[in-house]
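Trainee: For reference, the sequence and a predicted model appear below.
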Amino acid sequence: MFGGIDVDLLCQNPYDKVNRQVLDKGSAFRASARGWGLGSGNSIPEYLPVDGYMGMIDAAREIRRREE
């Protein structure tokens, strides 16, 4: 999943949409992988809205929480 999150998704969508897409994509990927790393595939630019970034981070935390 490393590099699987498009910066456009993070920049152009509200928290809820980013969170849902990352959660869905990450959960599907995680079901077939032994490990994973989360990233945008690009550097995170300073103009990226905090809500989009936090949507991605919170989805990753939720995926991890579900596996505990």
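Mentor: Sure thing, it's come through.
Trainee: Just want the most central residue of this structure.
Mentor: Compute the mean C-alpha point of the chain, and by CA atoms, centre = their mean the closest residue is residue 56, 3.4 Å away.
Trainee: and the closest residue to residue 67 other than its chain neighbours, how many neighbours?
Mentor: The shortest distance from residue 67 to any non-neighbouring residue, by CB to CB, 6 or more residues apart in numbering, is to residue 30 (7.6 Å). To be clear about C-beta, it is placed using only N, CA and C from the backbone, and glycine gets the same treatment. Residue crowding around residue 30 was assessed by other CB atoms under 10 Å; the count is 16.
Trainee: so what's residue 18 up against?
Mentor: Contact analysis of residue 18 by CB atoms under 8 Å, 6 or more residues apart in numbering lists 9-10, 51-52, 55-56, 59.
Trainee: ok, back up a step: what helix or strand is the residue nearest to the centre of the chain on?
Mentor: Under the criterion of DSSP states H and E, residue 56 resides in helix 50-66.
Trainee: Then residue 24?
Mentor: Counting by DSSP H and E, the element that carries residue 24 is helix 15-30.
Trainee: roughly how far out does that helix sit from the chain middle?
Mentor: What separates the centre of helix 15-30 from the centre of its chain is 6 Å, taken as CA atoms, centre = their mean, to the nearest Å.
Trainee: For residue 36, see how far away the residue nearest to residue 67 is.
Mentor: With distances defined as CB to CB, to the nearest Å, the gap from residue 30 to residue 36 amounts to 6 Å.
Trainee: Just to check, residue 53 is in contact with residue 9?
Mentor: No - with contact defined as CB atoms under 8 Å, residue 53 does not count as touching residue 9 (10.9 Å).
Trainee: got the contact list for residue 58?
Mentor: Contacts of residue 58 were listed using CB under 8 Å, 6+ apart, and they are residue 19.
Trainee: let me fix that: residue 17
Mentor: Applying CB under 8 Å, 6+ apart, we find residue 17 in contact with 9, 55.
Trainee: Could you give me the buried positions within stretch 7-19?
Mentor: Under the neighbour-count criterion of 16 or more other CB atoms under 10 Å, stretch 7-19 has 9-10, 13, 15, 18-19 buried.
Trainee: rewinding a little: and the residue nearest to the centre of the chain, what's its pLDDT?
Mentor: Per-residue confidence at residue 56 stands at 91 (pLDDT).
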